[in-house]
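Enquirer: Fold the following for me, if possible:
(one chain, ligands or ions: 1)
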Amino acid sequence: MVEPTARVTVRAPAKINLHLGVGGPRPDGMHPLATVYQAVGLYDDVTVTDAADWSVGLTAPIDGVPLDDDNIAVRAGRALVAHHGVDLAARITIAKGIPVMGGMAGGSADAAATLLALDRLWDLQTSDDDLLAIAATLGSDVPFALVGGTALGTGRGEVVSPIPDSTSVWWVVVLADEGLSTPAVYRHFDELSPDAPAEPPIPRALIDALADGYTEEVGALLVNDLWPAARDLRPDLVDVEEQLRLLTPDGVLLSGSGPTLLMLHDDVEEARSAVTELRERGLRCTIAPGPVAGAHVVTYA
Ligand code: ATP
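Expert: Numbering: from 1, shown residues only. Below is the predicted model of the structure:
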């Protein structure tokens with residue numbers, strides 16, 4: 001007899017938005033987006049084991065991550081069992097490598113990883129379409145964390161279509177000491193942009209540059225509509241942004257709703273020397289390759 005799987009670990013990547021076009025709020029309060037997502041090589045690992053009740057823990061304590069039913073990983077687990085109408089629960093353990101409240105969708109990555117890990121643990125055989133639909137109920141960025149690579153996101157970001165990307169790049173990821181609340185950034189965006197369109201335009205030039213592998217052009221086409229709002233809420237970002245632009249005039253970007261900043265390089269040695277220089281100035285930074293795969297199983301035991 002084959003022993004049932006007792007433990008599954010799924011690794012899920014951080015995301016950045018090469019283009020984040022934001023429209024005015026819809027009647028349901030959500031913002032319509034036209035975004036180009038890219039999965040980058042910073043990861044959370046989520047391990048699940050069967051248990052009598054739901055619980056969640058971290059391999060190392062991190063401020064700001066709830067350890068109760070508010071954790072999006074537990075919400076993901078409950079949504080999956082509700083979808084299948086089964087009475088199961090799990091212990092979820094998260095090893096966080098994605099900055100918390102950094103605009104890199106770490107919580108969404110954990111939700112996607114939990115869906116996939118529990119599906120495999122219990123052999124639920126959830127179809128890809130159903131996994132994506134459950135993911136969309138948990139958060140706008142969760143479906144993309146399942147898909148990975150580079151993709152166009154529409155709707156409120158939950159409608160994800162993979163796009164061809166012939167680039168292979170290195171992002172210098174500059175971390176802030178304090179997080180930034182995504183809802184606060186969107187609220188301030190609404191104040192600054194009362195005339196935002198109902199349907200933000202699809203960034204065709206960027207999509208073509210990615211397909212053609214023109215990294216330099218991609219660098220010149222990076223857009224984030226939330227940037228003015230994030231700058232207002234966090235004036236300390238302006239100085240860091242200026243420092244980055246002196247190193248790389250094109251290719252500097254705010255990650256999602258911030259406060260993480262990104263700098264694009266197509267050469268890993270250049271990325272490494274930028275990191276050395278920025279660290280000497282006291283900035284906290286690391287390197288992440290892009291694009292990388294979406295949530296995937298790394299251990300069955
Ligand atoms: P996004 O870009 O999707 O807004 P973010 O990367 O800025 O996300 P997260 O790290 O995902 O921010 O955290 C956002 C909020 O979600 C935090 O305030 C945190 O309290 C809550 N949260 C719930 N579950 C988790 C989780 N598993 N990991 C991190 N944060 C979580």
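
Enquirer: Near the ligand, which residues of the protein? Just list them.
Expert: 64-66, 71-73, 94, 100-108, 110, 141, 182, 256-257 (Cβ under 6 Å from any ligand atom). Any C-beta I mention is one placed from the backbone N, CA and C, and that applies to glycine too.

Enquirer: What about those, which are in strands?
Expert: Among the residues of the chain next to the ligand, the members found in strands (DSSP state E) are residue 94.

Enquirer: are any of the residues of the chain next to the ligand buried, and which?
Expert: 65, 71-73, 94, 101-108, 110, 141, 182, 256-257 (16 or more other Cβ atoms under 10 Å).

Enquirer: centre of the chain versus the lengthiest strand in the chain, how much separation?
Expert: With secondary structure taken from DSSP E, the chain has its longest strand at strand 33-51. Here strand 33-51 is found 7 Å from its chain centre; the criterion is Cα atoms, centre = their mean, to the nearest Å.

Enquirer: Who are the packing partners of the helix or strand just after it?
Expert: The helix or strand immediately downstream of strand 33-51 is strand 55-58, counting by DSSP states H and E. Applying 3 or more Cβ pairs under 8 Å, 6 or more residues apart in numbering; DSSP states H and E, we find strand 55-58 packed against helix 72-84, strand 89-95.

Enquirer: dump the residue contacts of the closest residue to the ligand within the stretch 51-200 of the chain.
Expert: In the stretch 51-200 of the chain, the residue that lies nearest the ligand is residue 107 (2.9 Å; Cβ to the nearest ligand atom). Residues in contact with residue 107 (Cβ atoms under 8 Å, 6 or more residues apart in numbering) are 72, 139.

Enquirer: pLDDT wise, what is it at?
Expert: Note for residue 107: predicted pLDDT of 97.

Enquirer: same thing with the one 10 residues further on?
Expert: Turning to residue 117, the model gives it a pLDDT of 98.

Enquirer: what's around it, how many residues?
Expert: Residue 117 has 32 neighbouring residues, counting by other Cβ atoms under 10 Å.

Enquirer: got it, and residue 83?
Expert: Neighbours around residue 83, by other Cβ under 10 Å: 16.

Enquirer: That one is in contact with residue 134, isn't it?
Expert: Yes: Residue 83 is within contact range of residue 134, at 5.6 Å (criterion: Cβ atoms under 8 Å).

Enquirer: Would you pull up the residue in the stretch 201-301 of the chain closest to the ligand?
Expert: Closest point on the stretch 201-301 of the chain to the ligand, by Cβ to the nearest ligand atom, is residue 256, at 4.1 Å.

Enquirer: Now that residue. Nearest residue, chain neighbours left out?
Expert: Nearest non-adjacent residue to residue 256, counting by Cβ to Cβ, 6 or more residues apart in numbering: residue 103, 3.3 Å away.

Enquirer: Which residue ranges of this structure form strands?
Expert: Using DSSP E, strands in the chain cover 7-22, 33-51, 55-58, 89-95, 150-154, 159-162, 169-175, 223-224, 252-254, 261-265, 284-290, 296-300.

Enquirer: JSON lines please, covering these and showing mean pLDDT.
Expert: Listed next are the strands of the chain as JSON lines, based on pLDDT from 0 to 100:
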{"stretch": "strand 7-22", "mean pLDDT": "98"}
{"stretch": "strand 33-51", "mean pLDDT": "98"}
{"stretch": "strand 55-58", "mean pLDDT": "98"}
{"stretch": "strand 89-95", "mean pLDDT": "98"}
{"stretch": "strand 150-154", "mean pLDDT": "98"}
{"stretch": "strand 159-162", "mean pLDDT": "98"}
{"stretch": "strand 169-175", "mean pLDDT": "97"}
{"stretch": "strand 223-224", "mean pLDDT": "97"}
{"stretch": "strand 252-254", "mean pLDDT": "96"}
{"stretch": "strand 261-265", "mean pLDDT": "97"}
{"stretch": "strand 284-290", "mean pLDDT": "96"}
{"stretch": "strand 296-300", "mean pLDDT": "94"}
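
Enquirer: Next, format these as JSON lines and append distance to residue 236.
Expert: Converted to JSON lines, those look like this (distance: least, Cβ to Cβ, whole Å):
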{"stretch": "strand 7-22", "distance to residue 236": "20"}
{"stretch": "strand 33-51", "distance to residue 236": "22"}
{"stretch": "strand 55-58", "distance to residue 236": "27"}
{"stretch": "strand 89-95", "distance to residue 236": "28"}
{"stretch": "strand 150-154", "distance to residue 236": "29"}
{"stretch": "strand 159-162", "distance to residue 236": "33"}
{"stretch": "strand 169-175", "distance to residue 236": "12"}
{"stretch": "strand 223-224", "distance to residue 236": "17"}
{"stretch": "strand 252-254", "distance to residue 236": "13"}
{"stretch": "strand 261-265", "distance to residue 236": "11"}
{"stretch": "strand 284-290", "distance to residue 236": "13"}
{"stretch": "strand 296-300", "distance to residue 236": "36"}
